[in-house]
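**Q** everything below, folded, please.
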Amino acid sequence: MSRSTYLIALGSNRRHVRHGGPDAVVRAAVRAMAKKGMKLKRLSGTHHTRALGPAGRDFANAAALVKSHLSPPELLRKLKKIERKFGRRSVRRWGPRVLDLDIILWSGGAWPSRLRWKATRHLAVPHRAMAARAFVLAPAAEIAPRWRHPLNGLSVRQMLARLGKSRD
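**A** Numbers count the residues shown, from 1 in each chain. The predicted structure follows:
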């Protein structure tokens, strides 16, 4: 596979024994991604957002544009391995976490194909919930405002603006 560009969402709301607080965890995760062969192109600032559901503490969120020769499933396996190295365990949905890494967009469009995207129970790129999550879109808009969602045609900036209007 040729080199693809990915938009990765990073989040943390738990302290790590070696790396420190959530902001430091996010920075350490970027370094870990680079060690696993993901070439960092751009990194957003860190955004502090309220936790949803039972997660408790607020989150430090960021977005990274990376280049990789891996397919979306291969990249996801590497990201999950990094999460486990940081101490992430399978816990309840929306719970607290040392590190969360999600593939949000891929330069190849939709994964799996556009026709199978809605039906899959596994990895889906673009991330199914991205358009409803300001904590993903705000950092993403800093580094990839014009990147378009391959299925709805809206740019990251447009999705963020629509989300803001729906809250007014």
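
**Q** which ones are touching the nearest residue to Ala132 once chain neighbours are set aside?
**A** Nearest residue to Ala132, sequence neighbours excluded (CB to CB, 6 or more residues apart in numbering): Leu163, at 6.9 Å. The C-beta positions use only the backbone N, C-alpha and C, and glycine is treated the same way. Contact analysis of Leu163 by CB atoms under 8 Å, 6 or more residues apart in numbering lists 131-134, 137.

**Q** what mean pLDDT does the helix or strand harbouring Leu163 have?
**A** Element membership of Leu163 [criterion: DSSP states H and E] is helix 156-167. Averaged across helix 156-167, pLDDT comes to 86.

**Q** gap between that helix and the chain center?
**A** Remark: helix 156-167 is offset 18 Å from the chain centroid, using CA atoms, centre = their mean, to the nearest Å.

**Q** put the alpha carbons of that helix into PDB.
**A** This file holds the C-alpha atoms of helix 156-167, laid out as PDB (Å, rounded to 0.1, in the frame of the first residue of the first chain):
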ATOM      1  CA  VAL A 156     -14.100  19.500   9.100                       C
ATOM      2  CA  ARG A 157     -14.600  23.200   9.500                       C
ATOM      3  CA  GLN A 158     -18.200  22.900   8.200                       C
ATOM      4  CA  MET A 159     -19.100  20.000  10.500                       C
ATOM      5  CA  LEU A 160     -17.700  22.000  13.400                       C
ATOM      6  CA  ALA A 161     -19.700  25.100  12.500                       C
ATOM      7  CA  ARG A 162     -22.900  23.000  12.100                       C
ATOM      8  CA  LEU A 163     -22.300  21.400  15.500                       C
ATOM      9  CA  GLY A 164     -21.900  24.900  17.000                       C
ATOM     10  CA  LYS A 165     -25.100  26.100  15.500                       C
ATOM     11  CA  SER A 166     -27.000  23.100  16.700                       C
ATOM     12  CA  ARG A 167     -26.000  24.000  20.300                       C
END
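
**Q** and that helix, which residues are buried?
**A** Buried positions in helix 156-167, judged by neighbour count with 16 or more other CB atoms under 10 Å: 156-160, 163.

**Q** having no further points to raise, I will conclude here.
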